[in-house]
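Peer 1: I would like the atomic coordinates for the input below:
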Amino acid sequence: MANPGAGRIDVHCHSMTPAYRQAIASLGPTIRTPEWTAQGTVDFLDRHGSAAAVLSLSVPGTHHGDDAKARRLARRCNEEAAEFVERHPKRLGAFATLPIPDVEGACEEARHALDVLKLDGIGLLASYDGKYLGDPSFDPVLKVLNERSAVVVIHPNNHPSTQVVRQGISKGIGNFLVEFLFDTTRAALNLLFSDVLHRFPNIRFVLFHAGGTLPYVAWRVAEIASRQMTVPPWDTQYPSPFMERHGAKLTAQDVLSHLRLFYYETALAAGPQTFGSLMQVAAPERILFGSDWPYCPEVMTEDMIQALYTQTGLDEARLQAIGRGNALRLFPRFA
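Peer 2: The predicted structure follows:
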């Protein structure tokens, strides 16, 4: 049997550019800033038999309260990312960061990152200042991205509601354990029900961590949504553009078909427990490999690779597609 992991492309690999590290340090000691260099990423790829990685920033992003500072920081981070890619063109790619919630600045930066810097896509957070992707205020940004058929990865954020939730649970349950998954799930559903997938059909949305809990709750979402327009009081209590466009003709299969429009990345979701749901929800050609390194310790990268290739029961062709083939359709320059 050939090595199904050969040539693997990691679409969820984080960077810590010098400008971003300095900005995060100024926010205080509570935000983790792992050691990182571009060459260190290449070395990481080599240790695990991966061919390339597409870099993105993690939380909290580049907007920390001041629009002008956020624009400057996003521009510098993207320029630094472009420098890393230029230095390692066959090993590294990059998703640009945007200074959202500054929508005007985000539109300007998206144009610069994609048209001038030629970065590989855009990295967005699931929510900004409590507003989830799909909120109408973000539509101008999505319009710019749709016009460019951008690949857009969605990373969870620390939603303000988590501060309330954490008051009632064990200190051992960090946001990264489950709250991140809920943030991604809410963003994906907001994109669905705000009809973003229909209104901006050219954007290729990639949900990190296998879409949070979306694969597990997919049947529930599809069943309830398909009845929502015809069963009182739901028919008047929960309006949405998606529901209104379909009306009473909406079926559960319509909802599930829309969930298959997302791409799903496998970091920290590579075991058979998750894949049992994921393979039922995602289109096979829209599942992508990711490591979440360096925020996710390297020993866990080893565990994820081991689980994906030995415990999911997937055949060699599907593993090769997840590891490389599916990503190549999004990033053909790595061929």
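
Peer 1: wait, S240 touches D195, no?
Peer 2: Yes. Distance between S240 and D195: 7.5 Å, which falls inside the contact criterion (Cβ atoms under 8 Å). In this view, the C-beta of every residue, glycine as well, is placed from N, C-alpha and C.

Peer 1: distance check, M229 against A248.
Peer 2: Here the criterion is Cβ to Cβ, to the nearest Å. By it, M229 lies 5 Å from A248.

Peer 1: looking at the two, which is more packed in?
Peer 2: M229 (19 against 11; other Cβ atoms under 10 Å).

Peer 1: got the contact list for the more buried one?
Peer 2: In this structure, M229 makes contact with 235, 243, 246-248, 250, judged by Cβ atoms under 8 Å, 6 or more residues apart in numbering.

Peer 1: swap in 7 Å and give it another go.
Peer 2: The contact partners of M229, taken as Cβ atoms under 7 Å, 6 or more residues apart in numbering, are 235, 243, 247-248, 250.

Peer 1: contact partners of stretch 12-22?
Peer 2: Residues lying outside stretch 12-22 but in contact with it, judged by Cβ under 7 Å, 6+ apart, are 33-34, 36, 41, 53-58, 73, 76-77, 80-81, 208, 265, 267, 290-295.

Peer 1: from these, list just the buried residues.
Peer 2: Neighbour counting over those (16 or more other Cβ atoms under 10 Å) leaves 33, 36, 41, 53-58, 73, 76-77, 80-81, 208, 265, 267, 290-295 as the buried ones.

Peer 1: that older thread, in helices, which of the contacts of stretch 12-22 appear?
Peer 2: When helices are assigned by DSSP state H, the members of the contacts of stretch 12-22 inside them are 41, 73, 76-77, 80-81.

Peer 1: can you say which of the contacts of M229 are buried?
Peer 2: Among the contacts of M229, those scoring as buried are 243, 250 (criterion: 16+ other Cβ under 10 Å).

Peer 1: show me where the chain has strands.
Peer 2: Read by DSSP state E, the chain holds these strands, from start to end of the chain: 8-14, 50-56, 92-97, 121-125, 127-128, 131-132, 151-155, 204-207, 263-265, 287-288.

Peer 1: I'd like these laid out as JSON lines, including distance to A188.
Peer 2: Below are those laid out as JSON lines (distance: least, Cβ to Cβ, whole Å):
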{"stretch": "strand 8-14", "distance to A188": "16"}
{"stretch": "strand 50-56", "distance to A188": "17"}
{"stretch": "strand 92-97", "distance to A188": "18"}
{"stretch": "strand 121-125", "distance to A188": "12"}
{"stretch": "strand 127-128", "distance to A188": "12"}
{"stretch": "strand 131-132", "distance to A188": "9"}
{"stretch": "strand 151-155", "distance to A188": "7"}
{"stretch": "strand 204-207", "distance to A188": "6"}
{"stretch": "strand 263-265", "distance to A188": "10"}
{"stretch": "strand 287-288", "distance to A188": "15"}
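
Peer 1: how about those strands in a markdown table, adding mean pLDDT and distance to L319?
Peer 2: Listed next are those as a markdown table, based on pLDDT from 0 to 100; distance: least, Cβ to Cβ, whole Å:
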| stretch | mean pLDDT | distance to L319 |
| --- | --- | --- |
| strand 8-14 | 99 | 10 |
| strand 50-56 | 98 | 14 |
| strand 92-97 | 99 | 22 |
| strand 121-125 | 99 | 24 |
| strand 127-128 | 96 | 33 |
| strand 131-132 | 96 | 33 |
| strand 151-155 | 99 | 21 |
| strand 204-207 | 99 | 19 |
| strand 263-265 | 99 | 15 |
| strand 287-288 | 99 | 10 |
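
Peer 1: any weak-confidence spans in the chain?
Peer 2: 1-5, 160-174, 235 (pLDDT under 70).

Peer 1: which residue sits farthest out from the middle of it?
Peer 2: Distance from the C-alpha centroid of the chain, by Cα atoms, centre = their mean, peaks at P232 (35.3 Å).

Peer 1: returning to what we had before: between the strands of the chain, which gets nearest to Y216?
Peer 2: strand 263-265 (12.4 Å; Cβ to Cβ).

Peer 1: picking up where we left off before, columns distance to R199 on top of the ones in helices among the contacts of stretch 12-22, output as a markdown table?
Peer 2: Formatted as a markdown table, the entries for these read as follows, by distance: Cβ to Cβ, whole Å:
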| residue | distance to R199 |
| --- | --- |
| T41 | 36 |
| L73 | 30 |
| R76 | 32 |
| C77 | 29 |
| E80 | 33 |
| A81 | 29 |
